[in-house]
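Trainee: Quick one, what's the 3D model for this:
(one chain, ligands or ions: 2)
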Amino acid sequence: MARRISFLLNGELVEMEVEDHWTLLHLLREELGLTGTKEGCGSGECGACTVLVDGMAVNSCLFLAADLDGKEVLTIEGLAAPDGTLHPLQRAFIENGAIQCGFCTPGMILSAKALLDENPNPTEEEIRHALAGNLCRCTGYLQIFRAVADAARRISQEPIEVFPRRTD
Ligand code: FES
Ligand code: FES
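Mentor: Ligands and ions are numbered 1, 2, ... in the order given. Okay, here's the model as predicted:
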């Protein structure tokens, strides 16, 4: 069965029909062409599909698209500023060597964003805990943890409005 929903996606209002069985991951990648969100396991184990829904990190492979009605979604495509300036987390990941193949990176960055929005000055233990559901097969994790700590420092020094907000 299909139903009509409306939601904010990276700051833009989207109104569309979705099938009851569609996941948010399917909606993003297959229906809307936003392939920055990755599909790894498809069963809530790897975190590659992580996006923010109302500011909370969720596994989009487990989240039903129909439940998006009235909610706000942020994917990796919406993280940079409108002029293309990268978010401090994106810059910190690049500059700390926290990206190799890049498959886990969108999910890592969005999990880290949820953490820093809630806790702008996390300990290493808190960073490790926040990213415990995101698997990386390449970097060995230390560069990733370092990048999140570096991003926290950058954000505290140059606070910016990073989550797209409804303008109407
Ligand atoms: S693809 Fe969703 S958790 Fe692995
Ligand atoms: S950079 Fe390759 S899986 Fe993380």
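
Trainee: from here on, contacts and neighbour counts on C-alpha atoms
Mentor: Fine.

Trainee: For the most centrally placed residue in the chain, what is the enclosing helix or strand?
Mentor: Centroid-nearest residue in the chain, with C-alpha atoms, centre = their mean: residue 110, separated by 2.9 Å. Using DSSP states H and E, residue 110 falls within helix 105-118.

Trainee: Is any residue of that helix near ligand 1?
Mentor: No: counting by C-alpha under 6 Å from any ligand atom, ligand 1 is not contacted by helix 105-118; separation bottoms out at 9.1 Å.

Trainee: Show me what from the chain comes close to ligand 2.
Mentor: By the rule C-alpha under 6 Å from any ligand atom, the part of the chain lying against ligand 2 is 99-105, 136-139.

Trainee: if we go to 8 Å?
Mentor: Neighbours of ligand 2 within the chain, by C-alpha under 8 Å from any ligand atom: 98-105, 135-139.

Trainee: ok, residue 133 - contacts?
Mentor: Neighbour list for residue 133: 45-47 [criterion: C-alpha atoms under 8 Å, 6 or more residues apart in numbering].

Trainee: where's it relative to ligand 2, distance?
Mentor: As for residue 133, its distance to ligand 2 is 13 Å (criterion: C-alpha to the nearest ligand atom, to the nearest Å).

Trainee: Quick check: which element contains that residue?
Mentor: Applying DSSP H and E, one finds residue 133 in no helix or strand.

Trainee: thinking again about what came up before, the contacts of residue 133, buried ones only, as a PyMOL selection?
Mentor: Remark: buried members of the contacts of residue 133, expressed as a PyMOL selection using 16 or more other C-alpha atoms under 10 Å:
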select buried, resi 46+47
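
Trainee: Which strands and helices lie in contact with the biggest helix by length in the chain?
Mentor: Scanning the chain for the longest helix, with DSSP state H as the assignment, gives helix 142-157. With contacts taken as 3 or more C-alpha pairs under 8 Å, 6 or more residues apart in numbering; DSSP states H and E, helix 142-157 sits against helix 88-95, helix 124-130.

Trainee: Tell me how far that helix lies from the chain's centre.
Mentor: 16 Å (C-alpha atoms, centre = their mean, to the nearest Å).

Trainee: go on, stretch 69-86?
Mentor: 9 Å.

Trainee: So it, near ligand 1 or not?
Mentor: No: using C-alpha under 8 Å from any ligand atom, stretch 69-86 stays clear of ligand 1, with a minimum separation of 13.6 Å.

Trainee: Where does pLDDT dip in this protein?
Mentor: 159-168 (pLDDT under 70).

Trainee: Burial-wise, tell me which of the helices and strands packed on helix 142-157 comes out on top.
Mentor: helix 88-95 (a mean of 20; mean count of other C-alpha atoms under 10 Å).
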